[in-house]
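Visitor: give the three-dimensional model of this entry:
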Amino acid sequence: MSQSRYSSEPTPNTASSESSFDPPSEPSSEPQSIDVELDLRGTPCPLNFVRTKLQLQRMQPGQVLEVLLDAGEPIEQVPDSLTMAGYEIETIQDCQGYFALQVRCPQP
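Guide: Sure thing, here's the model as predicted:
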């Protein structure tokens, strides 16, 4: 009897653990609703940051901008510069040859 009792206890705990881990990972892996897309592939630094920031300044708080950036210096520099300027990086996706950066405009 004690064995059936022990085997029935881990199953609910395992199920609870699995369900509690699934929801947090799903939203972070799901792309956000994109309000504006800006394709800056082929645009050099720092011009890609300047264009991104200008676009974000035209957007409403809470909106999401997706910026397409080249590998190398653009994807290394632009996210850091945006974070320092007060913008929130939602996701960075490697799209084989370029990156898709999603940035949320901060709330006032």
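Visitor: what mean pLDDT does the host helix or strand of Leu82 get?
Guide: Here Leu82 sits within helix 73-84, counting by DSSP states H and E. Averaging pLDDT along helix 73-84 gives 97.
Visitor: quick check: buried residues in that helix?
Guide: With burial defined by 16 or more other CB atoms under 10 Å, the residues of helix 73-84 counted as buried are 74-75, 78-79, 81-82. Bear in mind the C-beta positions are built from the backbone N, C-alpha and C, glycine included.
Visitor: from these, pick the one nearest Pro61.
Guide: Leu82 (15.0 Å; CB to CB).
Visitor: which non-adjacent residue is nearest that closest one?
Guide: Closest residue in space to Leu82, ignoring its immediate chain neighbours: Val103 at 5.8 Å, by CB to CB, 6 or more residues apart in numbering.
Visitor: circling back: how far is the helix holding Leu82 from where the chain is centred?
Guide: Computed by CA atoms, centre = their mean, to the nearest Å, the separation of helix 73-84 from the middle of its chain amounts to 14 Å.
Visitor: remind me which helix or strand the residue nearest the centre of the chain belongs to.
Guide: Nearest residue to the geometric centre of the chain (CA atoms, centre = their mean): Thr91, 1.5 Å. Per DSSP H and E, Thr91 falls inside strand 88-94.
Visitor: can you spell out which helices and strands pack onto the helix holding Leu82?
Guide: helix 47-57, strand 64-70, strand 88-94, strand 98-104 (3 or more CB pairs under 8 Å, 6 or more residues apart in numbering; DSSP states H and E).
Visitor: mean pLDDT and distance to Leu40 added to the ones you listed, as CSV?
Guide: Below are those laid out as CSV (pLDDT from 0 to 100; distance: least, CB to CB, whole Å):
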stretch, mean pLDDT, distance to Leu40
helix 47-57, 98, 4
strand 64-70, 98, 6
strand 88-94, 96, 14
strand 98-104, 98, 9
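Visitor: got the ones you listed as a markdown table, with distance to Ile34 columns?
Guide: Below are these laid out as a markdown table (distance: least, CB to CB, whole Å):
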| stretch | distance to Ile34 |
| --- | --- |
| helix 47-57 | 12 |
| strand 64-70 | 5 |
| strand 88-94 | 10 |
| strand 98-104 | 7 |
